[in-house]
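Chemist: sequence and predicted structure below; questions after.
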Amino acid sequence: MVLEQLVEGGATIFSGMNLLVFVFAIVLGMLSGAIPGMNGTMTVVLLIPLTYSMDPVTGIMMLSVIYVGAVYAGSISAIMFKVPGAPEAIMTTLDGYKMNQQGRMGEAISTAVFSSAVGGIVGTIILILFSPTLAAWSMNLSDPEYFSVVVVGLALVSTIGVGNVTKAAMMMAMGLVIATIGLDPFTGQPRFTFGNRLLFNGIELIPVILGVFAISEVLKQIQTGGQMVTDEEVDSISTGSLLPPLHFFKRFRKILSFNSITGTLIGILPGAGATTGALFGYTFAQRIVPQDIRERFGTGVPEGVAGPETANNAAASGAFVPLFALGIPGSATTAVILAAFILHGITPGPSFIDANETLVYTVFAALLLANVAVLLANKPIVRVFTKVRHIPQELLLALIVMFCVVGGFATRNITFDLWIMLATGIIGYYLEQYDYPIAPLVIGLVLGPIAEPSLRRGLIKAQGELLTFVQRPISLMLLVIAVILFTVPLLQETAFGRKYLRFGGVDQ
Amino acid sequence: MGSDHGDTPGDAVSERRDRNDAIITLLIIAASVVFLYYSRTLAGIRSTNADPGTTYWPRAVLFVLLIASVLNLIHIYRRTDVHLESGLLQDTASDVSAAIDLSDEDKRYVGTIVLIAVYIGLLNQIGFLVITPIFLFAFTWLQGYRSVIKLVPFSVLTSFVIFVLFRNFMNIALPYGVGIFRELGLLVEGLI
């Protein structure tokens, strides 16, 4: 039954103009993901007007495929220039860029593309088979569970910076503090704006990401006279074959299977999205690999690329589950796609799948095909992007700064964001010089806006009773996990920990 | 530092690193205290009776930041207790003289920051289409790339393509500038 509908959906894609639209959407999605500052959400928003003149099936399919393309391509500039093309690729910079600097850019891109495609395919299969069941499960979750998930995410940060847990905690807390700048989401009161109206909407994530990752890296390269992209591949994986690297299935089997499923589940949670999926994916991968690899996480191991890339693409598919099954978006981009539904007169809700089978199964088939296309195009994609080696470093640095300025400006069309970008770039450069890990700061900035509303809504519903967070079983279980995750790295610094609790990790 | 430290160049570098590390932590502590003090003005504002209020979450995370920073400071002190014992700001005179004696990389680093700041500062007045080629040329020149024949077309064409791509195909208007620069931007936009 499902298979028949999927085949019908596939046939719809291959009919008439739909195939052209599909190819256009995947190329555009990849471009928007690869260009720093642009992202899938922005491109989907910009293209909604274009769908007015289209059949709703074609329009919604186009927007969904753009999203998939953007999530996958964000990793490419993260690996090549330490510039996450989209927030989802933040964790990929940690090991991906280091691999590039070791002369393993091709391997890093290949790993990212492969694991993205596998994560996306598994996520889509889960979406197709279990949408109603998973959506019903997610309905049981409420604010205490959302808050507890965020606490687990924040606790995981402590292991990213193992070696200096206090600095990781400082950076995470700093990210959370920065996220509170702007209007209070409940009362509308300005917080920490110091009378500056430009701060009323808070500090935008994109300029900060561009600053702490890209601008600081440009400054570092200039200061140290280093090379951003190495001249040649030290251990080339290119065999002349255009077939995808299928041996990766064996090499990353644990990461691919575990992170595909957990990534999808994270994507289902409203508000979590692919960025949170990537954060969890990285730290999950760190735990399920053998010890010798685990200890080298952050120094340029392919597993550090496969982990977040599998999870963020799976989460991108997972975000469609509540959208299709309940009419509730699971991420910012699916919220925009929901708006497109309404513009086309389609009413989302519990009966949505039954009432719109052609549309739903065409989108399912498109998501599946888009990921398969990415998988098959693995080697050609690697060959195209590794050509960047032929660009002189001086021109490359200039282009990176220019793209950062364009990306930082395009977010809100104000130059204030560019000053934020430059300031965070300089601060990020010095923080990194003195071993303050940057990733926890960005994670705090991403998770802060999810944590506070969940905490306060949970407290309001429970009449201010904090016990609500430990009275609900899932929330309690998550909080216990968070406590364990946070305390183990601290205990590792004691004599007991050194003897019994060694499990690796390095400073970022 | 004291005579019992900095005997070898490695020790001196390590001392300077520890001192700068401590200064960064102290700056973060100072910022946390300022934010905590400022949060007093918002205390008591809440959406409902059960709402913990506007300052509840910010104060909680500020306390985490403060505690982690103090722990880090203790950690640095334990690692380098004798360095810090003799004061964080000692040897400032030698540091200042070292800062004035900039290497080529240092000069390029400072020049790059100034150049990016000027680029951002003039973007709204001069417009993307005119300031970007100048920036690209100056930036690459500053980094040591000296082929004018390649630089001029690279700077001009890249800026033009990005401006048109974003304006005409992605509906994102990059700054046009004012006066004659704005008219130039509108002219280019109208061409395609």
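Modeler: Happy to help now that I have it.
Chemist: where does chain B dip in pLDDT?
Modeler: Under the criterion of pLDDT under 70, the regions of chain B flagged as low confidence span B:1-12, B:81-100.
Chemist: could you break it into its assigned domains?
Modeler: When chain B is parsed into structural domains using automatic domain parsing, the resulting residue ranges are B:9-100, B:104-191.
Chemist: the longest one near chain A anywhere?
Modeler: Yes - using CB under 8 Å from any CB of the partner chain, domain B:9-100 reaches chain A at B:17, B:20-21, B:24-25, B:28, B:32, B:35, B:38-39, B:42, B:45-52, B:54-58, B:61-62, B:64-65, B:68-69, B:71-72, B:75. From N, CA and C alone the C-beta is placed, and that goes for glycine too.
Chemist: chain center to that domain, what's the gap?
Modeler: Relative to the centre of its chain, domain B:9-100 is centred 18 Å away, using CA atoms, centre = their mean, to the nearest Å.
Chemist: so which elements touch the longest helix along chain B?
Modeler: Here the longest helix in chain B is taken by residue count, with DSSP state H as the criterion, and it is helix B:9-38. Under the contact criterion of 3 or more CB pairs under 8 Å, 6 or more residues apart in numbering or on different chains; DSSP states H and E, the helices and strands touching helix B:9-38 comprise helix A:165-179, helix B:56-79, helix B:81-85.
Chemist: mind doing that once more with 10 Å?
Modeler: On a contact count with 3 or more CB pairs under 10 Å, 6 or more residues apart in numbering or on different chains; DSSP states H and E, helix B:9-38 meets helix A:165-179, helix A:416-433, helix B:56-79, helix B:81-85, helix B:92-100.
Chemist: can you count the residues close to the residue lying closest to B:Ser14 once chain neighbours are set aside?
Modeler: Taking CB to CB, 6 or more residues apart in numbering or on different chains, and ignoring the residues beside it in sequence, B:Ser14 has B:Thr80 as its nearest neighbour in space, at 7.8 Å. Using other CB atoms under 10 Å in any protein chain shown as the criterion, B:Thr80 is surrounded by 19 other residues.
Chemist: quick one: the strands in the stretch 301-450 of chain A?
Modeler: Taking DSSP state E, counting those that start in this stretch as the criterion, the stretch 301-450 of chain A contains no strands.
Chemist: now the helices for it?
Modeler: Under the criterion DSSP state H, counting those that start in this stretch, the stretch 301-450 of chain A carries helices at the ranges A:303-318, A:320-326, A:332-343, A:352-355, A:357-376, A:378-385, A:393-412, A:416-433, A:439-461.
Chemist: got a markdown table for these, with distance to chain B too?
Modeler: Formatted as a markdown table, the entries for the helices of the stretch 301-450 of chain A read as follows, by distance: least, CB to the nearest CB, whole Å:
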| stretch | distance to chain B |
| --- | --- |
| helix A:303-318 | 21 |
| helix A:320-326 | 25 |
| helix A:332-343 | 15 |
| helix A:352-355 | 30 |
| helix A:357-376 | 21 |
| helix A:378-385 | 18 |
| helix A:393-412 | 4 |
| helix A:416-433 | 4 |
| helix A:439-461 | 4 |
